[in-house]
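S.K.: show me the folded form of this:
(chains A and B)
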Amino acid sequence: MTVDVNKTDGPGGARGGGPEVIKAIPVRHPLRYVSALIALGLLVAIVYAFAQSDKINWATIPDYFFNERILDGVVETMKLTVLAMLIGVVLGIVLAVMRLSKNPVTSGIAWFYIWFFRGTPVLVQLFVWFNLGLVFEYINLGPFYKDQWSDFMTPMLTALLGLGLNEAAYMAEICRAGLLSVDEGQTEAAHALGMSHSKTLRRIVIPQSMRVIVPPTGNEVINMLKTTSLVSAVQYLDLFRVTQQIGERSTATVEMYFLAAAWYLVMTSILSVGQYYVERFYAKGSTRTLPPTPMQRLKAAVIPSRNLSGGLR
Amino acid sequence: MTAMVKAENVHKSFGNVEVLKGIDLEVAPREVFCLIGPSGSGKSTFLRCINHLEKITGGRLSVDGDLVGYREKNGKLYELKDSEVALKRRDIGMVFQRFNLFPHMTALENVMEAPVQVKGESKAVARERAQRLLDRVGLADKAGNYPSQLSGGQQQRVAIARALAMEPKLMLFDEPTSALDPELVGDVLDVMRGLAEDGMTMIVVTHEMGFAREVGDSLVFMDEGVVVESGHPRDVLTNPQHERTQSFLSKVL
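M.R.: Below you'll find the predicted structure:
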């Protein structure tokens, strides 16, 4: 933190009676200006192309932004993201533990699951779940539950199964990598203290593997949020489907797509911020001091407190 | 008095490689028992067999009269369940060469973890004992630090405190000072010396000949999976009988 200070008036500086500071003309980089100009020009051209078009009615976007149906769609999209990720994470952990088990049957089944669900497109899987009624007329779970398949397989359940089961395959691989990243000595130390396998996993291995698991999982959440737009194909009224419907009935088709994009951007941005703090939480113990959060950095820069910031003396 | 550890013709193979080729030895209660030998001689493997981190492939090994990893009934051996093995391990503390502290917990939490999670002790009781143990190893002021904020010597002393928190009747030390800077070795050895004075039964795999001579009650020199020479540390170290022992000691002393 004090490096900057040392650079200008440290012991090696001119003030200390050392050698005279070099005053040279820096190397010019004319090409940098040219490339910057070209990039800026292209950007302006694209923005202008959209702005000048009188076919796009920009005013409809703010008009509809907080429309009740749109907000319902946003809620549905978030709900789907959370629930599908929940299925994905829980099932993913189970599959990862299964794959690492010594039992060849369980690890084989986990391997097959991952092979199948990672190897087929999620849209295809959604349609399979949606159309399974062509194969099964009824669902019959003995005394517990019995119903017509079409009543049982609602758009909500189709979407959750399609997205969640697919996600589990990816989460399994992420969790497996995380579990394997924890040093074997940790398991040995825990066993030597008399801890059981499951307790060692829960108390020692999983908390440490989180540091490896969380960053790619954050990616998966953001990815999931966007992938939920596929469920519009199986009659689920998510954000994308709602904007599509509004767009088709009014004349503002493209405007509604822009609106959807804006909402997705808002949601993914919020998730990115959340991811930063979750990662910071799980870095506990792995680095000597946690890096300051953006808020702390801002505070340090604005309020020159004596004990907080070393760089602002 | 029954031996704390008794090994009779203990064999251990990893696949086709035989690491222990018939170890016979006996460790009495309150004894400080040092194991020395070149790397690859099987001394660490033997130590890990005692708390069943490794499974022996032949012979008999018992701790405090009970077979390690097996139960004998009507002349037949039955493998113990994982939970039974875990129960036995509570009484055997182990200190590793690379400390293996839990990095996501503070020093205090490391020491508290096993009594709370394994014995179901209340946090208040465990915390009080943990603080006392950290004080004993000279780290009372580091209770809130994470392992990454401690030096190697400090980490190893926390690791000793963590093992002691389970109030074991036997402590295993697997080259506890080999990963440390020379100037940090002394603090760890001091703690171990204190333990020995309090009458703890200790088996120490070590390269610290000075420690073995001063603190050890008996010493065994192992090479290529067999016990080459054993006796009182002073005798073995100053007057080795076997040629292999002589050549090893001439290199390390």
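S.K.: and the pLDDT at A:Lys299?
M.R.: On pLDDT, A:Lys299 comes in at 79.
S.K.: what is the burial count for it?
M.R.: Neighbourhood size, A:Lys299 [other Cβ atoms under 10 Å in any protein chain shown]: 14. For the C-beta atoms, the positions are set from N, CA and C on the backbone; glycine is no exception.
S.K.: helix, strand, or coil at it?
M.R.: Secondary structure state of A:Lys299, per DSSP: H, G, I helix; E, B strand; the rest coil, is helix.
S.K.: please identify the helix or strand for the residue positioned nearest the centre of chain B.
M.R.: Nearest residue to the geometric centre of chain B (Cα atoms, centre = their mean): B:Leu172, 1.2 Å. Per DSSP states H and E, B:Leu172 falls inside strand B:170-174.
S.K.: A:Thr81 - nearest residue in space that isn't next to it in sequence?
M.R.: Nearest in space to A:Thr81, with sequence neighbours left out and distances taken as Cβ to Cβ, 6 or more residues apart in numbering or on different chains, is A:Leu225 at 4.7 Å.
S.K.: which element, helix or strand, includes that neighbour?
M.R.: Secondary structure from DSSP H and E places A:Leu225 in helix A:206-227.
S.K.: rewinding a little: residues contacting the residue nearest to the centre of chain B?
M.R.: Counting by Cβ atoms under 8 Å, 6 or more residues apart in numbering or on different chains, B:Leu172 touches B:47, B:50-51, B:92-95, B:202-203.
S.K.: same thing but at 7 Å, please
M.R.: Contacts for B:Leu172 (Cβ atoms under 7 Å, 6 or more residues apart in numbering or on different chains) come out as B:47, B:50-51, B:92-94, B:203.
S.K.: excluding its backbone neighbours, what's nearest it?
M.R.: In space, B:Leu172 is closest to B:Met94, 4.6 Å off (Cβ to Cβ, 6+ apart).
S.K.: what's the burial count for residue 36?
M.R.: Using chain A. 10.
S.K.: right idea, wrong chain: chain B
M.R.: B:Ile36, neighbours per other Cβ under 10 Å, totals 27.
S.K.: show me where the chain has its helices.
M.R.: No chain in the question, so chain A it is. Using DSSP state H, the helices of chain A run over residues A:3-9, A:30-52, A:60-65, A:68-99, A:104-119, A:122-131, A:149-152, A:155-181, A:184-192, A:197-199, A:206-227, A:239-249, A:253-282, A:294-302.
S.K.: chain B is the one I meant
M.R.: Along chain B, counting by DSSP H, helices occupy B:43-50, B:82-89, B:107-117, B:123-136, B:152-164, B:182-197, B:209-215, B:233-238, B:243-252.
S.K.: doesn't A:Met267 make contact with the residue nearest to A:Thr81?
M.R.: Yes. Here A:Leu225 reaches A:Met267: they are 5.8 Å apart, a contact under Cβ atoms under 7 Å.
S.K.: between these two, which one's more packed in?
M.R.: With neighbours defined as other Cβ under 10 Å, A:Leu225 and A:Met267 compare such that A:Leu225 has more, 22 against 18.
S.K.: let me see the confidence value for the more buried one.
M.R.: At A:Leu225, the model reports a pLDDT of 95.
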